[in-house]
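**Student:** Following is a predicted model, sequence given first.
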Amino acid sequence: MVCNRCIMVVEEQMNKWALPISHIALGEVTTSASISPDLLETIRKELDMLGFELIDNKRLQTVERIKTAIIDLIYQKDLGQKLNLSTWLEKELHQDYAHLSAWFSEVEATTIEKFFIAQKIERVKELLQYDELTLSQIADQMHYSSVAYLSNQFKKVTGLSPSQFKQSTENTRMPLDAVKSYK
């Protein structure tokens with residue numbers, strides 16, 4: 001789940017199956033109910049039809065928690081001028097960063113840092129499309145050290161400069177759950 005509407009859809013499904021929700025947030029839902037293997041398979045199939053995946057493997061769950069935490073950081077919170085991503089993730093997920101990084105790279109075939117940059121660039125695209133902020137303001141909001149650094153990173157990831165992206169008629173954005181990393 002990568003947005004509040006996703007949470008609502010999953011919550012509706014949980015209610016449909018009469019499963020009490022102990023906790024629901026982006027990327028996770030917990031129930032106190034026992035779930036039979038048959039119901040679990042039904043849940044898996046119905047969520048799949050809605051575009052969701054039921055993840056019951058600890059490694060995959062951890063990777064999804066990393067992705068959700070990064071998306072939440074970029075879209076919901078202040079990035080902070082001196083954010084150290086590895087330290088922040090260790091505190092957020094209560095696990096050693098080396099362990100998190102190894103699992104993430106194994107599952108996603110990219111690094112956490114590249115995923116973070118790809119998500120930041122996706123947010124920059126969104127802000128460019130809104131056309132409410134200058135590139136300098138966007139760089140400041142996304143805590144880039146300079147407009148030049150943002151522009152260089154943007155071009156490296158997208159192949160376009162920010163101004164070319166704004167002028168492009170095909171300046172489409174990707175769904176957040178489809179953003180993997182840049183090459």
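**Tutor:** Yep, that arrived.
**Student:** got the residue ranges for the strands in this structure?
**Tutor:** 21-25, 28-31 (DSSP state E).
**Student:** Let's have these in a markdown table, adding mean pLDDT, distance to Ala98 and mean neighbour count.
**Tutor:** All C-beta atoms are positioned from the backbone trio N, CA, C, and that covers glycine. Output for the strands of the chain, formatted as a markdown table (pLDDT from 0 to 100; distance: least, C-beta to C-beta, whole Å; neighbours: other C-beta atoms under 10 Å):
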| stretch | mean pLDDT | distance to Ala98 | mean neighbour count |
| --- | --- | --- | --- |
| strand 21-25 | 84 | 25 | 12 |
| strand 28-31 | 82 | 23 | 14 |
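**Student:** right, so of those, which gets closest to Leu135?
**Tutor:** strand 21-25 (32.9 Å; C-beta to C-beta).
**Student:** which secondary structure elements does the closest one contact?
**Tutor:** helix 4-16, strand 28-31 (3 or more C-beta pairs under 8 Å, 6 or more residues apart in numbering; DSSP states H and E).
**Student:** neighbouring contacts of that strand?
**Tutor:** Outside strand 21-25, the residues that touch it by C-beta atoms under 8 Å, 6 or more residues apart in numbering are Ile7, Val10, Glu11, Met14, Val29, Thr30, Thr31, Ser32, Thr68.
**Student:** Could you list the low-confidence segments of this structure?
**Tutor:** Counting by pLDDT under 70, the chain has low-confidence residues at 1-2, 26-27, 56, 77-81, 169-183.
**Student:** any idea how far the residue at minimal distance from the centre of it lies from Arg65?
**Tutor:** Central residue of the chain (C-alpha atoms, centre = their mean): Ile71, 3.4 Å from the mean position. According to C-beta to C-beta, to the nearest Å, Ile71 stands 11 Å off from Arg65.
**Student:** can you check Ala33 too?
**Tutor:** 22 Å.
**Student:** which of these two has more neighbours?
**Tutor:** Neighbours per residue (other C-beta atoms under 10 Å) separate Ala33 from Arg65, with Arg65 holding more: 20 against 13.
**Student:** Surely the more buried one and Ile55 touch.
**Tutor:** No. With contacts counted by C-beta atoms under 8 Å, Arg65 stays clear of Ile55, the gap being 9.8 Å.
**Student:** Would you map the helices across the protein?
**Tutor:** Assigned by DSSP state H, the chain shows helices spanning 4-16, 37-49, 58-76, 85-93, 97-108, 112-130, 135-141, 147-158, 162-167.
**Student:** can you list the domains in the chain?
**Tutor:** 1-54, 114-178 (automatic domain parsing).
**Student:** Can you tell me which of the ones you listed is most buried?
**Tutor:** Highest mean neighbour count among the domains of the chain (mean count of other C-beta atoms under 10 Å): domain 114-178, with a mean of 15.
**Student:** Many thanks, we can stop here.
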